[in-house]
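[1] Build the 3D model from these lines:
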Amino acid sequence: MGTLMAIRSVLHFRDVGLGDVATVGGKGASLGELLRAGIRVPTGFAVTTAAFRQTVEHLTVDGESIPARVAALDPADAEGLAAATAGIRAVLESAPPPGEVIEAVTAAYAALCEECGDPALPVAVRSSATSEDSAEASFAGLQDTYLWVRGADSVLQHVRRCWASLYSVESVTYRLRRGIPETDLGMAVVVQRMVGARSSGVLFTRSPRSGDKSVVAIDASWGLGSAVVSGDVTPDSFVVSKVTGKMKRTVATKTRWHRPDPSGSGVVETDVPAELQDRPAISDDEIAELVAVARRVEGHYGCPQDIEWAVNDAGEVFLLQSRPETVWAEKDRAAKAAPAARPFDHVFNLLGGKRPSEG
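    Reported below is the predicted structural model:
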């Protein structure tokens with residue numbers, strides 16, 4: 001990555017790949033990598049970690065820099081921590097970033113609107129932390145996602161909210177207890193065209209229940225994927241063999257869905273129309289396309305994937321995010337890292353059908 005890339009405030013997805021995690025975060029880098037691999041992802045750009053750092057350096061809380069204020073906190077002082085982090089979040093959300101950051105984000109949003117032919121293009125604004133898909137994955141859930149955002153001012157406002165989420169009590173406590181320096185902190189934000197999702201969900205290229213790598217497991221529901229991710233709906237389940245193509249399907253009664261607010265901005269949760277509640281949220285052809293795309297992405301990355309997807313009214317499949325599956329990968333690593341005490345025990349365990357970690 002060149003110096004120019006490292007200091008730019010925004011970068012289009014087409015200009016980044018997996019090697020740019022430090023600049024655009026895990027989510028931004030993965031979306032750029034998918035685009036380069038010819039996978040259909042909604043277009044967009046990343047507000048870089050350089051923009052975040054420039055803003056944090058530009059702002060102060062009661063005359064003190066934000067990194068210095070955080071570094072002085074005691075993680076055991078819950079009351080002091082809550083008050084200090086609330087003050088930092090208030091400053092990040094209310095004080096304007098440096099002028100060149102505002103200009104860069106405003107110009108990138110205008111260019112995205114022009115690219116998509118919509119002067120008030122609805123976008124998703126999502127945090128993209130540099131540690132998001134690493135072993136520190138527990139930090140990922142502490143950041144925010146905002147859907148169906150319109151207009152440059154609103155995009156900027158939601159970018160600042162994503163930055164502020166890095167200063168929640170939980171996130172700051174996590175960093176202080178693990179000794180993560182504030183000067184190493186990076187938060188990028190992804191701004192991505194919204195898909196008018198008729199159906200959406202998540203899929204894994206190995207079973208999330210058993211770890212079986214010979215299947216693709218798909219959860220699907222009507223409307224935006226936030227209903228599935230948040231647990232507001234019991235989704236349909238489709239488990240497809242990569243070897244035979246045989247499918248096990250469970251169609252649920254889906255009573256709630258997340259849809260764009262009729263006002264044009266934001267999301268509302270309402271009842272699914274009665275005629276749709278017991279119908280599969282995706283067709284067999286769409287399942288087949290999801291399986292094919294998922295296998296292609298798994299092959300590209302060389303490891304099982306955890307993928308968010310959407311299908312629009314025209315039946316086009318989009319990938320919204322792909323990251324390495326972590327739960328079973330961690331179990332695999334733990335099993336390999338726990339050899340039996342003696343060679344004889346190792347052989348005995350294998351003959352008895354035990355995994356090495358169960359010996």
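[2] For stretch 220-234, what is the distance to the chain centroid?
    Between the mean C-alpha point of stretch 220-234 and the mean C-alpha point of its chain there is a distance of 15 Å (C-alpha atoms, centre = their mean, to the nearest Å).
[3] contacting residues around it?
    145, 147, 197-202, 219, 235-236, 238, 252-260, 267, 269, 272, 276, 280-282, 308-310, 320 (C-beta atoms under 8 Å, 6 or more residues apart in numbering). The C-beta positions use only the backbone N, C-alpha and C, and glycine is treated the same way.
[4] Next step: those residues restricted to strands.
    Counting by DSSP state E, the contacts of stretch 220-234 place 145, 147, 197-202, 219, 236, 238, 256-260, 267, 269, 308-310, 320 in strands.
[5] So what touches stretch 256-269?
    With C-beta under 8 Å, 6+ apart as the contact definition, stretch 256-269 has outside contacts at 120, 122, 147-150, 154, 194, 196, 221-224, 226-227, 232-233, 270-272.
[6] Name only those of those that count as buried.
    Neighbour counting by 16 or more other C-beta atoms under 10 Å classes 122, 147-150, 154, 194, 221-224, 226-227, 233, 272 among these as buried.
[7] Tell me the one of those nearest Val169?
    Ser226 (23.7 Å; C-beta to C-beta).
[8] State the distance from the closest one to Ala86.
    Taking C-beta to C-beta, to the nearest Å as the criterion, Ser226 is separated from Ala86 by 26 Å.
[9] cool, Trp148 as well?
    Noted for Trp148: a distance of 27 Å to Ala86, by C-beta to C-beta.
[10] picking that back up, of the contacts of stretch 256-269, which belong to helices?
    Within the contacts of stretch 256-269, membership in helices is found for 154, 226-227, as judged by DSSP state H.
[11] Could you point out which of the residues you listed is nearest to Cys303?
    Distance ranking of the ones in helices among the contacts of stretch 256-269 against Cys303, using C-beta to C-beta, places Ser226 first at 26.2 Å.
[12] What's the per-residue pLDDT of that closest one here?
    For Ser226, the pLDDT comes out at 85.
[13] Repeat that for Glu170.
    86.
[14] what about it, helix or strand, and which?
    Secondary structure assignment for Glu170, by DSSP states H and E: helix 169-178.
[15] Using PDB, list the CA coordinates for that helix.
    As requested, C-alpha coordinates have been extracted for helix 169-178 and formatted as PDB (Å, rounded to 0.1, in the frame of the first residue of the first chain):
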ATOM      1  CA  VAL A 169     -18.000   1.600  28.300                       C
ATOM      2  CA  GLU A 170     -17.600  -2.000  27.100                       C
ATOM      3  CA  SER A 171     -15.200  -1.200  24.300                       C
ATOM      4  CA  VAL A 172     -12.900   1.100  26.400                       C
ATOM      5  CA  THR A 173     -13.000  -1.400  29.300                       C
ATOM      6  CA  TYR A 174     -11.900  -4.100  26.900                       C
ATOM      7  CA  ARG A 175      -9.000  -2.100  25.700                       C
ATOM      8  CA  LEU A 176      -7.800  -0.900  29.100                       C
ATOM      9  CA  ARG A 177      -7.900  -4.400  30.600                       C
ATOM     10  CA  ARG A 178      -5.900  -5.900  27.700                       C
END
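[16] ok, back up a step: just the buried ones from the contacts of stretch 220-234, in PyMOL syntax?
    Remark: buried members of those, expressed as a PyMOL selection using 16+ other C-beta under 10 Å:
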select buried, resi 147+197+198+199+200+201+202+219+235+236+238+252+254+256+257+258+259+260+267+272+280+281+282+308+309+310+320
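[17] Tell me where the stretch 251-359 of the chain has helices.
    Taking DSSP state H, counting those that start in this stretch, the helices of the stretch 251-359 of the chain run over residues 274-277, 284-301, 327-336, 343-351.
[18] what's the first one in contact with?
    Spelled out, it's helix 274-277. Outside helix 274-277, the residues within contact range by C-beta under 8 Å, 6+ apart are 222, 253-255.
[19] can we see that at 10 Å?
    Helix 274-277 is touched from outside by 199, 222-223, 251-257, 271, with contacts defined as C-beta atoms under 10 Å, 6 or more residues apart in numbering.
[20] can you give me the mean pLDDT across that helix?
    The model assigns helix 274-277 a mean pLDDT of 96.
[21] Which positions within stretch 8-19 qualify as buried?
    In terms of neighbour count (16+ other C-beta under 10 Å), stretch 8-19 has its buried residues at 8-13, 15-17.
[22] Closest one of those to Asp77?
    For the buried residues of stretch 8-19, the residue nearest Asp77 by C-beta to C-beta is Ser9; the value is 35.2 Å.
[23] and among the helices of the stretch 251-359 of the chain, the most buried is which?
    By mean neighbour count, with neighbours taken as mean count of other C-beta atoms under 10 Å, helix 284-301 ranks first of the helices of the stretch 251-359 of the chain at a mean of 17.
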